[in-house]
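**Q** Starting from these lines, generate the structure:
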Amino acid sequence: MASAGRNAGTQPRETDKNVCPTTGRPNDDRAGAEGRGNRIAGSGDPVAIVTGAGRGIGRATAVELAGRGYRVVLVGRNRAPLDDVSAAVGGHMRRAAVAVGDVSDASAVTRIVDEATRAFGRVDVVVNNAGLAPVRTIEQMTIAEWRAVIDTNLSAAFYLTKAAWPTFVRQGGGVVVNLSSLSCRDPFPGFAAYGAAKAGLNLLGLALACEGSPHGIRVHTIAPGAVETEMFRGLMTPEQWPTEKTLAPALLA
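**A** Presented below is the predicted three-dimensional model:
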């Protein structure tokens, strides 16, 4: 769930778009508008796992993917908002499945991927969107808070990607989408942990692009500025940051 840096404008920014710095190979971005392009070898509609899917960018992404023909696994800590999204994308038609879990728990993430694979027979896309962004100076931040921010924004992406990786390799390809933030370059005061985690996510994306290239695995890391989400409004009031200066979540989906 991306948040802004101090100088964030109104346009999304994308970094590390699956160009391996070692090979220099550009992204082969042939995803079809109807969801056909990411259907890796095999049968059935493509499947995407979206973390932080109950609100904001995660919700918008899940709705967009379902509209493009994907079956979507909705991941989050709380069931109620996930059920709402499931209903919105046609959960009764097996268009969506709800997976309640803590993405900072590696065993919980592995369980979610295993269950998705058993339920749908495949996984084609993972969207690492879950985020945690408390505003704390270094004097204020506790060790537990630091770990929670790093685990939610960085380690969780590693856990989910690692759990899905063998399936991607077996299928002959897959897509990883990481939601980073402009704060990795220009953080607000008190965003040291969040900005550091997102900077780490950017580098993780670059490294995975190199590792995934021989297997047809593509990696995109997107770093937007201010996005109109509940999390951002928990940090900034409309008086501090006007709505017209923020991005709608659907623009990033």
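
**Q** which residues of the stretch 1-150 of the chain fall in strands?
**A** 14-15, 47-51, 71-76, 96-100, 125-128 (DSSP state E, counting those that start in this stretch).

**Q** cool, the stretch 151-253 of the chain as well?
**A** 174-179, 217-222.

**Q** State the mean pLDDT of the last one.
**A** Along strand 217-222, the predicted local confidence has a mean pLDDT of 94.

**Q** can you tell me how far residue 177 sits from residue 201?
**A** Residue 177 is 11 Å from residue 201, where distance means C-beta to C-beta, to the nearest Å. Yep, even glycine has a C-beta here, placed from its N, CA and C like the rest.

**Q** Need the overlap of contacts for these two.
**A** Common neighbours of residue 177 and residue 201, using C-beta atoms under 8 Å, 6 or more residues apart in numbering, are 128, 221.

**Q** more crowded one of these two?
**A** Between residue 177 and residue 201, residue 201 has the larger neighbour count (other C-beta atoms under 10 Å), namely 26 against 20.

**Q** my guess is the more buried one meets residue 220, correct?
**A** No - counting by C-beta atoms under 8 Å, residue 201 stays clear of residue 220, with 11.7 Å between them.

**Q** Overlap in contacts, the two.
**A** Here residue 201 and residue 220 share the contacting residues residue 178, scored by C-beta under 8 Å, 6+ apart.

**Q** quick one on the thing from earlier: by mean pLDDT, show me the worst of the strands of the stretch 1-150 of the chain.
**A** Of all the strands of the stretch 1-150 of the chain, the minimum mean pLDDT falls on strand 14-15 (a mean of 44).

**Q** wait, which of the strands of the stretch 1-150 of the chain is closest to residue 183?
**A** Among the strands of the stretch 1-150 of the chain, the nearest to residue 183 by C-beta to C-beta is strand 14-15 (12.4 Å).

**Q** residues in contact with residue 132?
**A** Contacts of residue 132 by C-beta under 8 Å, 6+ apart are 148, 149, 152, 153, 194.

**Q** Redo these as TSV? Include distance to residue 105 and neighbour count.
**A** Shown next, in TSV, are those (distance: C-beta to C-beta, whole Å; neighbours: other C-beta atoms under 10 Å):
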residue	distance to residue 105	neighbour count
148	12	15
149	15	25
152	10	22
153	15	30
194	20	28
